[in-house]
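Student: Quick one: sequence and predicted model below, then my questions.
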Amino acid sequence: MDNLWAAIAEDYKAARFALICPKHCDGWRMDADKGFYHLWKAYYAALTAGEKEPLLYARILMMMGFHQYHRQPYYYCLRHYYLPAKEQYQIAIEKGLSPTDKELEEMRLYTESLSYRYDCEAKPYDEQIAHIEGYEKLGDFSFYDSIVLFFSHDKNSISMKIGHDTGITAELRFEDIYDIEINSDPVTAWIDDFYCYPTFHDKSKFVFDIGYYRIICSHIKVISVSPIQH
């Protein structure tokens with residue numbers, strides 16, 4: 001390992017210590033400022049280095065992906081961190097280096113699950129709405145250019161009414177709820193994105209991702225479709 005990669009290794013070590021609780025270390029406290037300083041320093045030095053230390057570079061990329069996952073779009077993390085990490089692990093193995101089974105499994109799960117999500121979100125609209133029970137009732141209704149008019153839920157189900165700017169409203173019911181995320185004021189956010197597809201880990205559950213709402217459940221049903229009453 002030359003002087004450049006020795007310095008990169010020291011920054012990576014310092015980042016891990018500041019951001020990830022070491023084993024058998026009493027009184028440890030996370031230091032985000034210090035940790036991200038060393039992580040970004042290690043990443044940029046490794047990225048621009050002419051000759052790579054593939055195993056160390058792969059580990060830096062995986063750490064970047066983990067800490068940027070909720071700060072960057074998932075597809076950015078996939079393309080800039082996880083897929084390059086996969087390539088570097090392969091190079092490392094071909095050179096006789098030995099990444100652990102745990103880190104290879106973590107890399108596999110991130111690359112496969114995020115690639116799966118990317119592929120699902122790229123599928124045609126008609127294929128995505130086909131996961132909704134009774135989707136035939138939707139007719140000319142589209143989830144694009146619509147707005148959520150009503151949203152209510154309990155532990156097991158969700159009711160949602162969505163109005164399209166053509167004057168059509170659709171009422172949906174979600175059953176066997178696994179997870180709900182809402183990241184907006186429910187009465188002001190217009191919908192410009194819509195995705196619906198089976199989850200990566202369990203194909204009996206579905207992701208319904210519409211604007212600022214993301215629901216994971218076992219059943220999505222169209223209850224009714226009708227003109228908006230003024």
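Tutor: Nice, I can see it. Remember, it's a predicted structure, so these values are computed and weren't measured experimentally.
Student: hey, let's count contacts and neighbours off CA atoms from now on
Tutor: OK.
Student: Please name the residues that touch E112.
Tutor: Contact partners of E112, counting by C-alpha atoms under 8 Å, 6 or more residues apart in numbering, are absent.
Student: what separates it from K86, distance-wise?
Tutor: 11 Å (C-alpha to C-alpha, to the nearest Å).
Student: One more: S146?
Tutor: For S146, the distance to K86 (C-alpha to C-alpha) stands at 39 Å.
Student: Those two: which has the busier surroundings?
Tutor: Comparing S146 with K86 by other C-alpha atoms under 10 Å, the one with more neighbours is S146, at 23 against 20.
Student: ok, now how distant is the residue most central in space within the chain from I180?
Tutor: In the chain, the centroid-proximal residue (C-alpha atoms, centre = their mean) is Y74; its distance is 4.6 Å. Using C-alpha to C-alpha, we find Y74 at a distance of 18 Å from I180.
Student: The longest helix seen in the chain: which residues count as buried?
Tutor: The longest helix of the chain (DSSP state H) is helix 101-121. Neighbour-count burial for helix 101-121, counted by 16 or more other C-alpha atoms under 10 Å, picks out 107, 110-111, 114-115, 117, 120-121.
Student: now that helix: mean pLDDT?
Tutor: The average pLDDT within helix 101-121 is 96.
Student: From the chain's centre, how far out is it? Work that out for me.
Tutor: Mean C-alpha position of helix 101-121 versus that of the full chain (C-alpha atoms, centre = their mean, to the nearest Å) differs by 10 Å.
Student: Show me the shaky parts of this structure.
Tutor: 1, 24-25, 184-190, 228-230 (pLDDT under 70).
Student: mind listing the strands for it?
Tutor: Applying DSSP state E to the chain gives strands spanning 146-153, 157-164, 168-182, 190-191, 194-198, 206-210, 213-227.
Student: now those strands in a markdown table, with distance to E136?
Tutor: As requested, these are exported to a markdown table (distance: least, C-alpha to C-alpha, whole Å):
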| stretch | distance to E136 |
| --- | --- |
| strand 146-153 | 18 |
| strand 157-164 | 16 |
| strand 168-182 | 12 |
| strand 190-191 | 21 |
| strand 194-198 | 15 |
| strand 206-210 | 17 |
| strand 213-227 | 9 |
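Student: Out of those, the one nearest G50 is which?
Tutor: Checking these against G50 by C-alpha to C-alpha gives strand 194-198 as the closest, at 40.4 Å.
Student: Between strand 213-227 and the closest one, find me the angle.
Tutor: 110 degrees (axes from the mean of the first three to the mean of the last three C-alpha atoms, to 10 degrees).
Student: Domain ranges for the chain, per the record?
Tutor: For the chain, automatic domain parsing gives the domain ranges 3-121, 125-227.
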